[in-house]
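Visitor: coordinates only, sequence not included:
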């Protein structure tokens, strides 16, 4: 196992992203989104997958490093080939500006590339003491409840709620029961997947990850209902492609892409920022006092595992399998960067 | 089986609520909330439970029929002993006013009595072509994921999304896997409850409804995370009691009660109302084209069952077991109303 320090992860992102032509501010936004996910243990949305993803998309022309976000309406943004984190952060900033001025802000975006972890954008609201919510649609891979074929994407819901003496509560969940990455991992390891994760191409339930064709919503009709809410608040409000029409990546850069929905709320316009923080702190204390049920050793706040992981990884570095590091460097080399030089300058340490 | 016509259900509500001293507008609001739930098949939040609930609360002093909602802040309302639907509707009206003026509105309420079905308030936004979201906390009955004792309530999430040629999409879900009513019904019928619904007083999983002490969140840690979001957006933003502190009913009317969160969004300030309706219509068509998975005969939109039920019940009346009707009339009589007279004037028909 290798450990990549936070500093090296940041520097590697900066060097690679600037090397592919992103501006300083855009590279910094992408770096922050990537390192946020890697530190919190959201590895499928971190440096191993998103950094080569962005650099390769630039190499292949799906991301234009000199593109800028277009403001179609006061709170409707168009990606126009910008990197996902660039349009994601711009959208949340619009929501935050409105919230800071009048208590609540909503902004949407369409024609967007993959933005990494939704909780990064929700968490942007925390710096100002605000509540942030981020929703994102995606290409069809998840069935409606009772359906045999995909209707929409894993449609994540993320939120960030400011704490006082206690940490903020930050959660990031797909509305599918599992993510693609988990199915692929089981396939690579020759393991079966739990019943309820997926159906095969005929709509038959399967535990074979190689036959799993369509993911299922979490919690049956309830998770399905939340996935549809994500569809409508993102693509519906952004007047973009919805449900089965969504193409995450397409040659036709004008119309392809995901849609985002960002909501920010300033508690000061409602019950007060200090009051909100005190209520969040109270919830943390209440959760700690609840005894675990049979089979559990402790009761956690939503997102608490990721919060702990972040502290650990800031201290010890981001754990990487040797093959993940090799694949990351190869990915950067395929994008036209000097893989060997990057590997040497920002090397992880063995642990 | 009996069938109570929509007209008789409305007239019975009006007569009973006016009879207990509610003003005309407040009685009409309560009636609309009650009949909405009864028509959509949400019987645990309809005429059989909520009408006697309100009239008895008036008789016992928990609801003051002459109380008025207090505006503590521009978008923070206090119940002050008003009936739940009165403060619920007032809160959503505040959110809708802001949304119609500037695209989005949020309002919260505290110190509230039970308001029936959350989707009634979300649906208020539809009349104006807006999106509505309604959240509500409740007294502790649901464990955190992995916990043996309750942290918070069934904390429902409801939304209403306007359609064009197709119906609106209206969903109303508890963030617990099941509602109290379902556990009680199983107990009355001597049936067991499915694994995963509840734990007993020691935190052990149970399928015996009589031993079920604490409900479980739906979808494990994901539903739990949504329940916590409801806690913070309701009680946190309203600066009221949160989590285990919540008392739905209390002698101390000043501080007891639930909290509500209402969000309204006007699509016209984003991608446009017509565009939104066209996307919602497209989703309906897409859902109909997805073949059912094994074990299902059709694929439905979230809330479509309730939508169909509403059409059926408007035509055929609200189905009631004889004993439900008897219990309803007895409940009204206990509240000091003339049960016999009401039963005669607004009698259901046998079917």
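Guide: Okay, I see it. Nothing here was measured: the structure is a model prediction, and the numbers come from that model.
Visitor: wait, a helix at residue A:10?
Guide: Yes. Judged by DSSP: H, G, I helix; E, B strand; the rest coil, residue A:10 forms part of a helix.
Visitor: for it, what are its contacts?
Guide: The contact partners of residue A:10, taken as C-beta atoms under 8 Å, 6 or more residues apart in numbering or on different chains, are A:31, A:35. Heads up, the C-betas are built off the backbone N, CA and C, glycines and all.
Visitor: can you tell me the closest non-neighbouring residue to residue A:313?
Guide: Residue nearest to residue A:313 in three dimensions, not counting chain neighbours: residue A:39, with 4.8 Å by C-beta to C-beta, 6 or more residues apart in numbering or on different chains.
Visitor: just confirm that neighbour contacts residue A:319, I think it does.
Guide: No. Using C-beta atoms under 8 Å as the test, residue A:39 is too far from residue A:319 to be in contact (11.2 Å).
Visitor: so where's chain A uncertain?
Guide: A:249-255 (pLDDT under 70).
Visitor: can you count the residues close to whatever residue of the stretch 51-200 of chain A ends up closest to chain B?
Guide: Closest to chain B within the stretch 51-200 of chain A is residue A:146: 3.7 Å, counting by C-beta to the nearest C-beta. When neighbours are counted by other C-beta atoms under 10 Å in any protein chain shown, residue A:146 registers 22.
Visitor: torsion angles phi and psi at it?
Guide: The phi/psi pair for residue A:146 (degrees, to the nearest 10) reads phi 90, psi 0.
Visitor: which residues do residue A:39 and residue A:319 both contact?
Guide: residue A:313.
Visitor: more neighbours: which of the two?
Guide: residue A:39 (21 against 18).
Visitor: list the contacts of the more buried one.
Guide: Counting by C-beta under 8 Å, 6+ apart, residue A:39 has contacts A:6, A:46, A:309, A:310, A:313, A:314, A:318.
Visitor: mind running it again at 7 Å?
Guide: Residue A:39 makes contacts with A:6, A:310, A:313, A:314, A:318, as judged by C-beta atoms under 7 Å, 6 or more residues apart in numbering or on different chains.
Visitor: ok, the fourth one touching residue A:4?
Guide: So that's residue A:314. No. Assessed by C-beta atoms under 7 Å, residue A:314 is found out of contact with residue A:4, at 12.0 Å.
Visitor: between these two, which is the more surrounded one?
Guide: Counted by other C-beta under 10 Å, residue A:314 and residue A:4 do not tie: residue A:4 has more neighbours, with 23 against 12.
Visitor: neighbours of the closest residue to that one other than its chain neighbours, how many?
Guide: Setting aside the residues directly before and after it, residue A:4 is nearest to residue A:348 in space (C-beta to C-beta, 6+ apart), at 4.0 Å. Neighbours of residue A:348 under the rule other C-beta under 10 Å: 22.
Visitor: how near is residue A:348 to chain B?
Guide: For residue A:348, the distance to chain B (C-beta to the nearest C-beta, to the nearest Å) stands at 30 Å.
Visitor: domains of chain A?
Guide: A:1-66+A:314-351, A:69-173+A:223-289, A:177-216 (automatic domain parsing).
Visitor: so which of these gets nearest residue B:277?
Guide: In terms of C-beta to C-beta, the element of the domains of chain A nearest to residue B:277 is domain A:69-173+A:223-289, at 8.8 Å.
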